[in-house]
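Asks: From the sequence below, what's the structure:
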Amino acid sequence: MAYHYLFGPVPSRRLGISLGVDLVPAKVCSFNCIYCEVGITTQRTLERREYIPADEIIAELGDCLAASPQLDYITFSGAGEPTLNSGIGRIIAYLKDQYPNYRLALITNSSLLGDAQLRAEIAPIDLILPSLDAVSASVFQRLNRPHPKLDMTAIIAGLNAFRQESQAEMWLEIFLSPGLNNTEAELARLKQVCQQIAPERVQLNSLDRPGIEAGLRPMSVAEMDQAAAFLRPLPVEIIARAAARADIASHDRDIEQRILATIRRRPCTDQDLAASFGLHINELNKYLGALLDRSLIREQREERGIFFEPADKK
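Replies: Predicted structure coming up:
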């Protein structure tokens, strides 16, 4: 059976061997973050509906999991905001009933957690990885470029409510961008909110690949260390330095070699490569990240987007 909505298993630095489940088409999201490596949001919305029918996703999951693959997590993520799919609760219930041995993770931008119905639907998951990049409205608008009806106060209230209502473990991610949310004032606001939410982990991340806006740069090692020190005694970890993807069991060296062979012939965008290899953009990005980690490829911003070429190309 050819899968349209499952991808991987993906070599994830945080989740190990992860089977991805894509619940919305690219790029349906409630944010248009300046750092997003998937690309510009083409449908910025808060409307919850079955963008992809739950029955079709359940059919693919049943076929895939019947072979009992070795997985650390089944992860709801993908090329947009997964909680926009109104069928997510039914899919979670199916997995918990039919395949209770698998742990379920949800990667979300937290934007819809103010919705009590959604919180009830996703409450049975094992791990939630929500993001919280800003507290002040000005930084929130600059960094995440949310749907106009979104309010940071409601998002924070939703995070707090979910923490009280669900037994799921929470790893709260903060994506840091120099000059935007790593200022002392914004970090102080973030620290106060994180102390209220009390997640098991606070994970600091920074630019891994070029974002939507030109001129963005990753946080330096010193800047990340300084931010982490400021946020302690919260349980902070810097995931920008997480274990290399290439060391994860599901990492396919053959895909890496095919990427290198392809871009030696001509530079390609991530969309070019994903289409050529039949890979989900999220899965392809993991391999590009691994190659960038080892300085085997480099990026070049052109009019049509970010192109990748061998690092040793003259």
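Asks: for the helix or strand of the chain with the lowest mean pLDDT, the distance to its chain's centre please.
Replies: The helix or strand of the chain with the poorest confidence is helix 270-277; it has a mean of 72 (mean pLDDT, DSSP states H and E). Computed by CA atoms, centre = their mean, to the nearest Å, the chain-centroid distance of helix 270-277 equals 19 Å.
Asks: where do the strands sit along the stretch 151-300 of the chain?
Replies: 169-175, 201-205, 236-238, 268-269, 297-302 (DSSP state E, counting those that start in this stretch).
Asks: Mean neighbour count and distance to Asp22 for those strands - can I get that in CSV?
Replies: No exception for glycine: its C-beta is placed from N, CA and C like everyone else's. As requested, the strands of the stretch 151-300 of the chain are exported to CSV (neighbours: other CB atoms under 10 Å; distance: least, CB to CB, whole Å):
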stretch, mean neighbour count, distance to Asp22
strand 169-175, 21, 19
strand 201-205, 20, 21
strand 236-238, 16, 27
strand 268-269, 18, 20
strand 297-302, 14, 24
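Asks: can you redo those strands as CSV with distance to Ile107?
Replies: Shown next, in CSV, are those (distance: least, CB to CB, whole Å):
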stretch, distance to Ile107
strand 169-175, 8
strand 201-205, 11
strand 236-238, 16
strand 268-269, 23
strand 297-302, 24
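Asks: Would you agree Pro69 falls within a strand?
Replies: No. Under the criterion used here (DSSP: H, G, I helix; E, B strand; the rest coil), Pro69 is coil, not part of a strand.
Asks: you'd agree it is up against Leu19?
Replies: Yes. If you go by CB atoms under 8 Å, Pro69 and Leu19 touch, sitting 7.0 Å apart.
Asks: what secondary structure does the residue positioned nearest the centre of the chain sit in?
Replies: Here the mean C-alpha position of the chain is nearest to the C-alpha of Ile107 (CA atoms, centre = their mean), at a distance of 5.6 Å. Of the three states, Ile107 takes strand under three-state DSSP.
Asks: Over to Leu19?
Replies: Criterion first, three-state DSSP; result for Leu19: strand.
Asks: Who is it paired with across the strands?
Replies: Counting by DSSP bridges, Leu19 forms beta bridges with Ile74.
Asks: So what's the residue count around it?
Replies: 22 (other CB atoms under 10 Å).
Asks: Over to Ala161?
Replies: The number of residues near Ala161, taken as other CB under 10 Å, comes to 15.
Asks: Kindly report the same for Ser77.
Replies: For Ser77, using other CB under 10 Å, the count is 24.
Asks: how close does Leu65 sit to Gly78?
Replies: 18 Å (CB to CB, to the nearest Å).
Asks: actually Ala198, not the one I wrote
Replies: For Ala198 relative to Gly78 (CB to CB), the value is 28 Å.
Asks: So for these two, which sits in the more crowded spot?
Replies: Gly78 (26 against 13).
Asks: okay, and the common contacts of Pro69 and Leu19?
Replies: Here Pro69 and Leu19 have Pro9 as joint contacts, going by CB atoms under 8 Å, 6 or more residues apart in numbering.
Asks: how about the residue lying closest to Leu187 once chain neighbours are set aside, what does it touch?
Replies: Leaving aside its chain neighbours, Leu187 sits nearest to Phe230 (5.0 Å; criterion: CB to CB, 6 or more residues apart in numbering). Going by CB under 8 Å, 6+ apart, Phe230 touches Glu184, Leu187, Ala188, Lys191.
Asks: Could you do Leu19 as well?
Replies: With the criterion set at CB under 8 Å, 6+ apart, Leu19 makes contact with Leu6, Phe7, Gly8, Pro9, Val10, Cys64, Pro69, Leu71, Tyr73, Ile74, Thr75.
Asks: And for Asn144?
Replies: Phe31, Asn32, Cys33, Ile34, Asn109, Asp133, Ala134.
Asks: with these in mind, which one is nearest to Ala161?
Replies: Taking CB to CB as the measure, Asn109 is the one of those closest to Ala161, at 16.3 Å.
Asks: What does the closest one show for phi and psi?
Replies: When read as degrees, to the nearest 10, the backbone of Asn109 gives phi -90, psi 0.
Asks: gap between it and Ala274?
Replies: 22 Å.
Asks: Mind checking which of these two has more residues around it?
Replies: Just comparing Asn109 and Ala274: by other CB under 10 Å the higher neighbour count belongs to Asn109, 24 against 19.
Asks: Would you mind confirming that Ala240 is in contact with Gln203?
Replies: No. Here Ala240 does not reach Gln203: they are 9.1 Å apart, not a contact under CB under 8 Å.
Asks: Now Leu204: closest residue in space that isn't a chain neighbour?
Replies: Ile238 is the one closest to Leu204 (CB to CB, 6+ apart), at 4.9 Å.
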